[in-house]
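Asks: Structural data only, the sequence is not supplied:
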Ligand SMILES: NC(=O)C1=CN([C@@H]2O[C@H](COP(=O)(O)OP(=O)(O)OC[C@H]3O[C@@H](n4cnc5c(N)ncnc54)[C@H](OP(=O)(O)O)[C@@H]3O)[C@@H](O)[C@H]2O)C=CC1
Ligand SMILES: O=C(O)C1=N[C@H](C(=O)O)C[C@H](O)C1
């Protein structure tokens, strides 16, 4: 039995994860957190998620939520990440992180915590996007920079960060395939008298609307042809199933920072 604590239990992903844990064999929900001041504090986590009471109270204390957990799963907001990492490190609790919009300090905090506990971080836990990242790296290394790279992502109206973490990760794959630095080539959105497109730019466009779960296209536009690699998620369960797979896998790993390629055994 893998005992799991969900950090961010009141969110769209948190509730999806709780429902899947409740329905799964071999998984047990033992803790759940909400933002301090949240109406969800003190509620039964299963009732909150809409799958019936699970006898697990939502708390604002990360330490209490992870006390008896084999692994924590974090789908919160960037502002919560450092505190969650500190609590996981203090409790020696492995953690799967799905939160996006993390800045350089947050990223450094993950690296630092990974020196003492095992951590999986992925901007997208779907198997399809994990494969897409490989395809994009391959395409970018095969095509010269006359093929302009543009990344277009679409998400629901509630999403708070842009471009998506997945879009940034795909941009990183283009940069790696080309052997360049993303921070030197990235162009975010366009407006006004922009001038001609700089050679080698990696463009990002973010669309927001309705209930779109998450769609990403990487376009390589050349003269006379273009290649488009697209992934469309139709359900949040796709991400949640991947995160649960990562959680099961992580409990057997030594301290270190891992991603979905490690979880899926795709590393050469
Ligand atoms: N890696 C992946 O595969 C995926 C990543 N994501 C990412 O996961 C994150 C969450 O997405 P989603 O569930 O849609 O967003 P939501 O806004 O629905 O959920 C985030 C939840 O975290 C809560 N929260 C904020 N601060 C804390 C805290 N300190 N402790 C506990 N809970 C806290 C929020 O509470 P409140 O609303 O009260 O502020 C909210 O309930 C986003 O960064 C998103 O981009 C999403 C899908 C897939
Ligand atoms: O906020 C979301 O919903 C999603 N966020 C992740 C991201 O920023 O890439 C993954 C997925 O696209 C859904």
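Replies: Nice, I can see it. What you see is a predicted model; the values in this text were computed from it and never measured. Ligands and ions are numbered 1, 2, ... in the order given.

Asks: CA only for contacts and neighbour counts going forward, please
Replies: Noted.

Asks: doesn't residue 220 fall inside a helix?
Replies: No - using DSSP: H, G, I helix; E, B strand; the rest coil, the secondary structure at residue 220 is strand, not a helix.

Asks: how near is the closest residue to it other than its chain neighbours to ligand 2?
Replies: Using C-alpha to C-alpha, 6 or more residues apart in numbering and skipping residues adjacent in sequence, the residue nearest residue 220 is residue 149, 4.6 Å away. Look at residue 149 and ligand 2: by C-alpha to the nearest ligand atom, to the nearest Å, they are 18 Å apart.

Asks: I figured residue 149 hits residue 203, correct?
Replies: Yes - here residue 149 reaches residue 203: they are 6.3 Å apart, a contact under C-alpha atoms under 8 Å.

Asks: between these two, which one's more packed in?
Replies: Neighbours were counted for residue 149 and for residue 203 using other C-alpha atoms under 10 Å; residue 149 has more, 25 against 20.

Asks: Count the neighbours of residue 245 for me.
Replies: Counted with other C-alpha under 10 Å, residue 245 comes out at 16.

Asks: Quickly note the distance from residue 196 to residue 190.
Replies: Look at residue 196 and residue 190: by C-alpha to C-alpha, to the nearest Å, they are 11 Å apart.

Asks: More neighbours: which of these two?
Replies: When neighbours are counted by other C-alpha under 10 Å, residue 196 and residue 190 differ, and residue 190 comes out ahead with 10 against 6.

Asks: list the buried ones in stretch 109-121?
Replies: 110, 113, 114, 116, 117, 118, 119, 120, 121 (16 or more other C-alpha atoms under 10 Å).

Asks: Nearest to ligand 1 among these?
Replies: residue 121 (7.7 Å; C-alpha to the nearest ligand atom).

Asks: returning to what we had before: and the host helix or strand of the residue nearest to residue 220, what does it pack against?
Replies: Taking DSSP states H and E as the criterion, residue 149 maps to strand 148-155. In terms of contacts (3 or more C-alpha pairs under 8 Å, 6 or more residues apart in numbering; DSSP states H and E), strand 148-155 is packed against helix 165-178, strand 202-208, strand 214-221.

Asks: check whether stretch 244-254 contacts ligand 1.
Replies: No - applying C-alpha under 6 Å from any ligand atom, one finds stretch 244-254 separated from ligand 1 by no less than 10.8 Å.

Asks: Now that stretch: average pLDDT?
Replies: Stretch 244-254 carries an average pLDDT of 97.

Asks: what distance separates it from the centre of its chain?
Replies: Averaging C-alpha positions (C-alpha atoms, centre = their mean, to the nearest Å) puts stretch 244-254 16 Å from its chain's average.

Asks: Stretch 106-114 now?
Replies: Relative to the centre of its chain, stretch 106-114 is centred 15 Å away, using C-alpha atoms, centre = their mean.

Asks: follow-up on the earlier one: list the neighbouring strands of the strand holding residue 149 plus their orientation.
Replies: Using DSSP bridges, the strands paired with strand 148-155 are strand 202-208 (parallel), strand 214-221 (antiparallel).

Asks: need the residues of the protein near ligand 2, please.
Replies: Taking C-alpha under 6 Å from any ligand atom as the contact definition, the chain meets ligand 2 at 100, 123, 124, 159, 164, 165, 166, 213, 214.
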